[in-house]
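Asker: A predicted structure for the sequence below; I have some questions about it.
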Amino acid sequence: MLRLVFLGRLSDLAGAPERMVPDAPTLSALIDSLEAPLAAALDDPRVRFAIDGVVCARDSAIPPGAEVAFLPAVSGG
Amino acid sequence: MAEAALDIRLAETALDPAGELAAFMAQHRTAGGIVSFTGQVRGGQARIEERVEALELTHYAPLTLPGMAALGAQAAARWPLEGLLIVHRIGELAPGAPIVLVAAASRHRRAAFEAADYAMDHLKSAAWLWKREKANGVWRWVEPRTDDRADLARWAR
């Protein structure tokens, strides 16, 4: 299982800040397996991804059991 | 010159800028200059007819503090600093509450001014923090400001 973490406004769209889902081989496959409105939001080029705490590209492979975080544009300070 | 002393933290409870700055100054008693910036939750109207009641900052532990530490190291590599302090609040804050404190100590003032400015510009648009505000009882995520991106571009080289 993968632990998905949704940050910022993506947590509202996902309905919860975290979710467990079956393993998926790549980020693209993972995103395609999610409900359409959420998948569409994750297709925004400003959304970044982290696998096990490391920021990575959209075509990255996902190890089984990983934590995948979805990071919308930041607004700190 | 000795390596700069970096003190980079996230604060889950109230941030005391005066106390933090006093401790930082005591630690850098012989620095020629210390510059600090305190960010506070803005009061008044966020948008027309709205009043901000609260602000919440979310972080992502695997990225946020390591990213801030990397930012501190970049500033220390770019300017001859004796010390750099960055404390950023997370969690829910009321209007007027301090959100962020940056302080830079250096032998000469210019490096301290610039390093503090650089750290703030990067915290605003490159740190892994997400902000939402409550107005009229409704929470709304704060989108990045284009000004913040422009501020970041000042440091490109």
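Answerer: Sure, I can see it.
Asker: for the residue most central in space within chain B, name its beta-bridge partners.
Answerer: Using Cα atoms, centre = their mean, the residue of chain B that lies closest to the mean C-alpha position is B:Val100, 4.1 Å off. Beta-bridge partners for B:Val100, by DSSP bridges, are B:Gly39, B:His88.
Asker: quick one, what contacts it?
Answerer: Contacts for B:Val100 (Cβ atoms under 8 Å, 6 or more residues apart in numbering or on different chains) come out as A:76-77, B:15, B:37-39, B:86-89, B:120, B:123. C-beta: built from backbone N, CA, C; applies to glycine.
Asker: any residues of chain B in contact with chain A? List them.
Answerer: B:39, B:57-58, B:60, B:62-63, B:88, B:99-100, B:120, B:123-132, B:141-145, B:148 (Cβ under 8 Å from any Cβ of the partner chain).
Asker: redo that, cut-off 7 Å
Answerer: With the criterion set to Cβ under 7 Å from any Cβ of the partner chain, chain B comes near chain A through B:39, B:57-58, B:60, B:62-63, B:100, B:120, B:123-125, B:127-131, B:141-144.
Asker: so A:Val55 makes contact with A:Arg48?
Answerer: Yes: the criterion here is Cβ atoms under 7 Å, and A:Val55 meets it with A:Arg48 at 5.9 Å.
Asker: so between the two, which is more surrounded?
Answerer: A:Arg48 (18 against 15; other Cβ atoms under 10 Å in any protein chain shown).
Asker: where exactly do the strands run in chain B?
Answerer: Ranges of strands in chain B, per DSSP state E, are B:5-11, B:33-40, B:52-59, B:81-89, B:91-93, B:98-106, B:129-135, B:138-141.
Asker: need these in CSV (columns: distance to B:Ala115 and mean pLDDT).
Answerer: As requested, the strands of chain B are exported to CSV (distance: least, Cβ to Cβ, whole Å; pLDDT from 0 to 100):
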stretch, distance to B:Ala115, mean pLDDT
strand B:5-11, 11, 97
strand B:33-40, 8, 97
strand B:52-59, 23, 93
strand B:81-89, 6, 98
strand B:91-93, 25, 96
strand B:98-106, 4, 97
strand B:129-135, 20, 93
strand B:138-141, 30, 92
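Asker: what lies in contact with stretch A:39-46?
Answerer: When contacts are defined by Cβ atoms under 7 Å, 6 or more residues apart in numbering or on different chains, stretch A:39-46 is touched by residues A:10, A:13, A:31-32, A:70, A:72-73.
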